[in-house]
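1. With the sequence up front, the predicted model follows.
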Amino acid sequence: MIELNLTNRAAAQTTKGYNSACVFGDVALGATSSGLYQIGGYTDDTAAIPALVKSGLLNLGLENKKRFRFFYFGVEASGPLTLTVHGDGVLAGRYTVSGLQPGLQVVRVPISREVNAWYWQWTVENSAGSFFVLHSVQALPVILHPGHQ
């Protein structure tokens, strides 16, 4: 089942296998053949929930190839995160963040100077199931001449 938050347009997916869902008062409920479950919280029946946030393919409205030196991710997390950036499908930077302190932090991911691309994409992943909030993603492109390879 996929849940869409209409306020912030965020989507979430569950593997619980609900055959129906509803909101009763302020409580979200999901039903399976084995029973009724409250939907919410930061675990799935005490198991950590791995999550991944992935951007679309971004050309920033620029037809030229571009490169970046760094991507900056504003995050809060209770455990390790992996921040990844790709340019035209080629890995441009990967950074594992661990030992984060409570509260918002900006993490800088260095990007390879070898990657010049039209389209860029980033991901933030909590493969260990830690809680995280993604506040911002910032990057300043270096716009390349149309003939630049």
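-> Okay, I see it. Residues are numbered from 1 along each chain as shown.

2. ok, the spatially closest residue to His145 that is not a sequence neighbour - contacts?
-> Of all residues not flanking His145 in the chain, Asn64 sits nearest, at 7.3 Å (C-beta to C-beta, 6 or more residues apart in numbering). Any C-beta I mention is one placed from the backbone N, CA and C, and that applies to glycine too. By C-beta atoms under 8 Å, 6 or more residues apart in numbering, Asn64 lies in contact with 118, 143-146, 148.

3. Quick check: Asn64 vs Ile143, distance?
-> To Ile143, Asn64 is 5 Å away according to C-beta to C-beta, to the nearest Å.

4. now swap in Ile111 and tell me
-> Taken as C-beta to C-beta, the span from Ile111 to Ile143 is 15 Å.

5. Of these two, which one has the most company?
-> Each of Ile111 and Ile143 has its neighbours counted (other C-beta atoms under 10 Å); Ile111 has more, 18 against 13.

6. So that one sits against Val85, correct?
-> Yes: using C-beta atoms under 8 Å, Ile111 is in contact with Val85, at 5.9 Å.

7. so the spatially most central residue of the chain is in which element?
-> Note on the chain: the residue nearest the mean C-alpha position is Val53, at 1.9 Å, using C-alpha atoms, centre = their mean. In the assignment (DSSP states H and E), Val53 maps to strand 52-54.
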